[in-house]
Structures are given as structure tokens and as C-alpha cells.
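Student: sharing a sequence plus its predicted fold:
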There are 2 protein chains.
Amino acid sequence: MSDTPTKPRGRPARGPSMGDVAAHAGVSSQTVSRVSNGLNNVEDATRQRVLASMQVLGYRPNQAARALRSGRFRSIGVVMFTLSSFGNMRTLDAIAISAAQSGYSITIVPVEHPTQKDVSIAFTRLLEQAVDGIVIVIEAHIIDEADVELPPGLPVVVIDSAARTDYPVVDTDQALGARQATQYLLELGHPTVWHLAGPESSYSAERREEAWRATLEAGSRPVPPVFRGDWSAVSGYEAGLLIAQQMEVSAIFTANDQMALGVLRALHERGRHIPSSISVVGFDDMAESDSFWPPLTTVHQDFGAVGRQAIKILLAEIEHGPSHPTTLVIPTRLVVRESTGLFTPVQAT
Amino acid sequence: MSDTPTKPRGRPARGPSMGDVAAHAGVSSQTVSRVSNGLNNVEDATRQRVLASMQVLGYRPNQAARALRSGRFRSIGVVMFTLSSFGNMRTLDAIAISAAQSGYSITIVPVEHPTQKDVSIAFTRLLEQAVDGIVIVIEAHIIDEADVELPPGLPVVVIDSAARTDYPVVDTDQALGARQATQYLLELGHPTVWHLAGPESSYSAERREEAWRATLEAGSRPVPPVFRGDWSAVSGYEAGLLIAQQMEVSAIFTANDQMALGVLRALHERGRHIPSSISVVGFDDMAESDSFWPPLTTVHQDFGAVGRQAIKILLAEIEHGPSHPTTLVIPTRLVVRESTGLFTPVQAT
DNA sequence: ACATAACATGTTGACGTCAACATGCACCAG
DNA sequence: CTGGTGCATGTTGACGTCAACATGTTATGT
């Protein structure tokens, strides 16, 4: 049957190389290289001829050879646990666009489960990858636990985690955001502010909670016990059911917008009016927050700036050698919408 | 000042190569290669010695050289317009995980603006990239307009667009989903179903609209004029304000969940009760939909399956040569929650 | 007219890996 | 004891590109 003389299963049809273009144009491959790299010491007629040959043959430079020669891949690895969160997605988008603008491509290494094992696998995979630097977007404690040694000399920037001080870190100013939210609610006259925190395993959640507590204490307000969710809207709903039945809760600061959405639902279901009976503030300012009912007052995080700054620092390190590990903090902004209002004392029954 | 004899600005500190490991272990580099690739024709003592040397020197294989030699990059390019949408993000996540499981990495090429120019730039960039295949996740009409010739022989799979029949396509069954939504509302007794469509530039929006219309016609129902949004929650809110004042609208099928969120807000504001006065169905089943108020009845899209299938087809093509361009359609599933209810005739005033 | 500069173009080799082939040794059948 | 077989290991060269150096050609100054 398969007696065809030529093996059709040959290697995957390598494209033409510089040599082929050179032969076609009647020049040396070095001249092709010069044209390909846009050097100007090529006669114009020759250049045109080479470009034409490239066109005809469909030449495209082989990045592997280029990388092998130069020792540079012009590629950045991104390790990220779950792309499926609003913040990560935005950050990744900004990273990709920034990197592209500097001529770098992005290789993403997904971490399927946030376990030490999976993180280790991801790092191992990444180390074998052809990248010039790495951006890590995972909660620090997972990294800390992962027993993987990142090779010295490979530039690394960490996002969203302040633990590893041996690498530059870029992060949103979690404390500022939490303070803005809490302070604003106090200014509206609320005696104190309750808090629906994120999971204990999260540093971001921890820092938001700390700043909330510190703000209350600075204002000599009582610090009520925290409610706790897992970032999901459903967990917010569950906490919301508890919150709804405590009539003394007049203001709640929720550690992210998704949980706030769940809280809103619970409050609606239990007939507590927002904001006249209870004010709600979120964190993130996701795209949909202005269309919640009511539109959510929330802390805006500039994920784009975080991604851009991370790339900026990383590229500087790649191209100009290591610098001092710094921590860059991106400020937040309170966006006031309709889920917050002046404190109204509970009617005595 | 800088009279240090050794140039510290040498090339970016190339790591040790096989040769270095070989010298350290006292074997030939070919033996190191064999150990590195896990071949079994190496004596155990030798293998241990080589592994130890690798460990000591911190050796990691150079992917560029490997790729140059083999002609394979073990990398897949993904062209995507805006990562910042629920569906794209989910799809990308699935793509990344599937590819990683097969030992491929993902290079993402962002398209900053959905213009022909930006798409062309993205393709050009991708063509220079070291990838074995491409997944395109952009609305087809933009691709069609982009005057870029993808090189023949480079495997391509298209997601979310049925126009290019010269490449395999994987997509959600938009028509099925729209039919499920519309049919369900009719079964609840609604005389007909209104539709808030996505932008005209979107094929997905177009197909959802067509199927909605066809379903109404099949049931001999009047086809009301469509409302139109741009996928955003805000556009849904604006349409929702119009919808709210038309009391004859008892059921609306919204082309995605985000617009549905905006519609819900508008209806709440205008005092129309959901679902007793008006039923709402969305499309996508985003993570938060079950925490909308009320929880949204919606069409579940299996983005994960789409991403996985796309990678499966692409890898088959990369590894076993081209196959027939097929269109693979992933079914949807109606998720009934609380935003829909039996038709209640409007009270005569 | 001749040395010299300025520039276009060609030649060579190395980057790190691995397939193909070559070598060398141990063991076994006859 | 010989020829062969099987296995571990070594040697060579090629993948495509580009820096460094080499060569050739033309213009410039004296």
C-alpha cells in the first residue's frame, strides 16, 4: 500500500532558510541576514532583490536559530494560577500588550491547582522554557512553600505578593484601598464597619483585613468580628445571609466585588434596602460593578498599571542587568456609586 | 573607572551546556544528551554521575538549540482580541492547560484594538514567532478583512467564528443555545420573546439572533424588533430602560450575561418584578450569574471544552499532518434559575 | 598615478543539541 | 579460539543565524 517512494512523513516541512533566499537572489546568506535585520549597509538594488526573493519563497526567520545565536529568546514567561479571575485576566492583558510593544512575546504557564505540587511542576516546566525572564502572579505563600529553586541570574518579578523580598515586587496598594473604603464609610456616619474578608490563605485578603482593622482602631471604633468568604460570589451570598439578619450591621466592606455581588443578593432577598439600611463597598471595580443593583461603590485597582510596571522592571533587568529588588505599590481609587449612603439609625421597634 | 579587565557586560550569562556537563562528569556530550532525554541505553552508574553533574552545574537544556535541531518548537501561538472577557479567559485557560498537558507551551499574541491593522500586526508578529501551530480566537469578519496570508503548512484552528472554512473551526453551538433559551421561555407560556442582541459586528451575536428568530417563526410567534447592545453591562442597562417601559415585554432573551445584568438593574430601578412581570434569560453562564438578583437563568457555554477540542485538533494536525477542515460544535445547556417564570397576563388597568 | 579610505559583499566558524554512524569491549556459540 | 552479537559510549556534522574578519570595488586626495 504505502509504497510511495518519497517519505511523506518527513520532518515538518521546514521553511526556506537564509541560504535558500541567498541562492534565489544570487547573494550570500550574510547579505540576506543584513537585509533581514534591516542594516543599512546594503545596496538598494541588492536589498530589493533579496526582499523579492524572500517574498517569493515565503521566507521567515527562524527564531530558534536566532535565539541560539544570540542567547536571547525575546520571550517572557508568566506563571499564573487560574486565568479565570478578573484581576489576573486584566493583569495578563496588560502584561501581554506591554511586552508586545517592546518586541517580547509572552509564554504562559498555567498552574492548574494551587497546590505546592502543581506550582513546582509549573516552575520546572518554565525553567525548561525558552524565556529571558519570568513574571510570577501567584500568592506568595504558595511560592514560598514550593521547593523549587529559581535559577540565579534569571530575572524575576513577582506580582500580588509581598513576601519574597529577594525579587522585585509590584502590587496594588491593598492597605490604601482598604483604608479608603473603611474611612469613607466612617465619614458617612456609620458607627463602625463590618468586613467580609477573603480566604485566610491569601496575602491580599490579609492585608485588606489588617488595614480595615487599623483604620477602625485609628478612629477608636469597635472592631467587629470578620465574616469570611473565598472570593466567590456564592460565598458572598452565604455570608450575606448572616449579615442580613444582624440589624446592627449598617456598613460592610467586602474584600472583592464578586463577594459583594453575593452580599447584595442576600440583602435583597432578606429585604434590607441598600443603601438606606446597609451600605456595601467592594474591592476591584470589575467591569460589571457599575451595573450591579445598586451600582457598587468599590475600590478601583489599576491592574493595567501593575502589569505594565512589572514588565517595565523585568525588561530593565533583562536588558541592563539586575537592580535592587524594590517593591512598587500601585495606588487605588475609591469609586463612589450607589451602594453606600449616610448612616440612618435603626428605628426603635 | 571601568578598567575592570573582564567585561561584565558580556552576553547574558549563558548557562552551562551539555559540553560543560560532559566535561564535569567525564563523559561525552552525547551521553549527556542521552541522559537528558531519558534514553535507557546508558549504564546506571554513568547516568547517576551525569545527573549529579547536571545538578551541580545547574544545567538546563537549551530549548533554542533543541528547536533548531528538531524543527519543532513545542509551542502554540494564540491570537486573541482582548483577554478581558469571560469567555476568552476561560477558553485561554483551557487551551493553556490542555497544551501544557501535551508538553506544549502557549505564546499569546494580544490584539490591542479590534482593527484590521492591529490584527495584521498581530499576525505578522506571530509569523515571526517560534510556534508549531496557531489558535485564532477572533470574530471571523476581522480575520477575513485582515490582509495577511497565513503561511501554508502552518496548522491553524479557529475558535468562535464559522466563516473561514479553509481551517478547522471549533465553536459553541450558538444556535442551539439561542433555541434552548427561546423555546424555554415559550414553554413558560410567554406569547413571544424579545431579544437583546450583541453588536452587529459579531458573528456569535448574529447566529444567536438568527436562531432566536427561527425559533419564534417555527412556533408561529410574532417576531418583535431587536434591542441591541455591545456586550457590556452598561449597554444592557440602557436597553433595559427601554425594555422596562414596554409593558408588553414579558420575556427577554439577552445575548450575554453581562448585558442581562444591566437589564436586571434597569428593571429593578423601574420597579418591574422579575420574574413575575418579566422573565430574563442570559447566555454564557458566567461565574457570577448564580449570584445575580435574582439568580439568572442562562445558557451555559462550555468554554473549557472548546479550548480543549481546539488544542486536540491542532496537535493532531501538528503531529500527524493536515486533516480535513471540520467544524466542531460544542453543545450548550440551559441552566434554569430564578429570573424566569410562567407568563402572567398584564393586569388590565 | 597611487595610497587610502569608505563601503558593499563574501567566508568562516560557533552557538547547543542530537541523529547517524563509528568504536570498543564483553560475552557466547560453535 | 574465532566470528559474531549486543551494548555502552564516543565522534562527526548539520540545523539557521550572525559576529567577526576577509575581500573586492569605487571614490577621494595629493
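Tutor: That came through fine.
Student: near chain B, which residues of the stretch 101-250 of chain A show up?
Tutor: Selection of the stretch 101-250 of chain A residues close to chain B by Cβ under 8 Å from any Cβ of the partner chain yields A:105-110, A:112, A:125, A:127-130, A:132, A:151-153, A:232-234, A:236-237. Where you see a C-beta, it was placed from the backbone N, CA and C, and this is true even at glycine.
Student: just the buried ones among the residues you listed, please.
Tutor: Burial by neighbour count, 16 or more other Cβ atoms under 10 Å in any protein chain shown: within these this picks out A:105-110, A:112, A:125, A:127-130, A:132, A:232-234, A:236-237.
Student: retrieve the pLDDT associated with the residue of the stretch 101-250 of chain A found nearest chain B.
Tutor: Taking Cβ to the nearest Cβ, chain B has its nearest neighbour within the stretch 101-250 of chain A at A:Ala233, 3.5 Å off. According to the model's per-residue confidence, A:Ala233 sits at a pLDDT of 97.
Student: can you map out the strands along the stretch 51-200 of chain A?
Tutor: Listed from the start of the chain, the stretch 51-200 of chain A has strands (DSSP state E, counting those that start in this stretch) covering A:75-81, A:105-111, A:133-137, A:156-159, A:169-172, A:194-197.
Student: got any ranges where the stretch 101-250 of chain A has weak pLDDT?
Tutor: Applying pLDDT under 70 to the predicted model, the residue ranges of the stretch 101-250 of chain A that meet it are A:140-149, A:161-165.
Student: quick one: the helix or strand harbouring A:Ile313 to strand A:133-137, angle?
Tutor: A:Ile313 is part of helix A:303-320, with elements assigned from DSSP states H and E. Regarding helix A:303-320 and strand A:133-137, their directions subtend 150 degrees when assessed with axes from the mean of the first three to the mean of the last three Cα atoms, to 10 degrees.
Student: who's in contact with the residue nearest to A:Leu241 when sequence neighbours are not counted?
Tutor: In space, not counting the residues next to it along the chain, A:Leu241 is nearest to A:Ala266; the distance is 4.8 Å by Cβ to Cβ, 6 or more residues apart in numbering or on different chains. Listed by Cβ atoms under 8 Å, 6 or more residues apart in numbering or on different chains, the contact set of A:Ala266 reads A:236-241, A:243-244.
Student: beta-bridge partners for the nearest residue to A:Ile159 once chain neighbours are set aside, please?
Tutor: Once its chain neighbours are removed from consideration, A:Ile159 has its nearest residue in A:Val137; the separation is 4.6 Å (Cβ to Cβ, 6+ apart). Taking DSSP bridges as the rule, A:Val137 bridges to A:Met80.
Student: my guess is A:Val137 contacts A:Asp160. True?
Tutor: Yes: taking contact to mean Cβ atoms under 8 Å, the distance of 5.7 Å between A:Val137 and A:Asp160 places them in contact.
Student: overlap in contacts, the two.
Tutor: Shared contacts of A:Val137 and A:Asp160, counting by Cβ under 8 Å, 6+ apart, come down to A:Thr91.
Student: outside of stretch A:207-219 itself, list whatever touches it.
Tutor: Contacts to stretch A:207-219, defined as Cβ under 8 Å, 6+ apart, come from residues A:162, A:174-179, A:181-183, A:186, A:192-193, A:195, A:197-198, A:222-223, A:226, A:253, A:255, A:283.
Student: change it to 10 Å
Tutor: A:162, A:171-183, A:185-187, A:192-198, A:200, A:202, A:221-224, A:226, A:228, A:253-256, A:283, A:299 (Cβ atoms under 10 Å, 6 or more residues apart in numbering or on different chains).
Student: make a PyMOL selection of the buried ones in those.
Tutor: A single PyMOL command is used to select the members of the contacts of stretch A:207-219 judged buried by 16+ other Cβ under 10 Å:
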select buried, chain A and resi 162+171+172+173+174+175+176+177+178+179+180+181+182+183+185+186+192+193+194+195+196+197+198+202+228+253+254+255+256+283+299
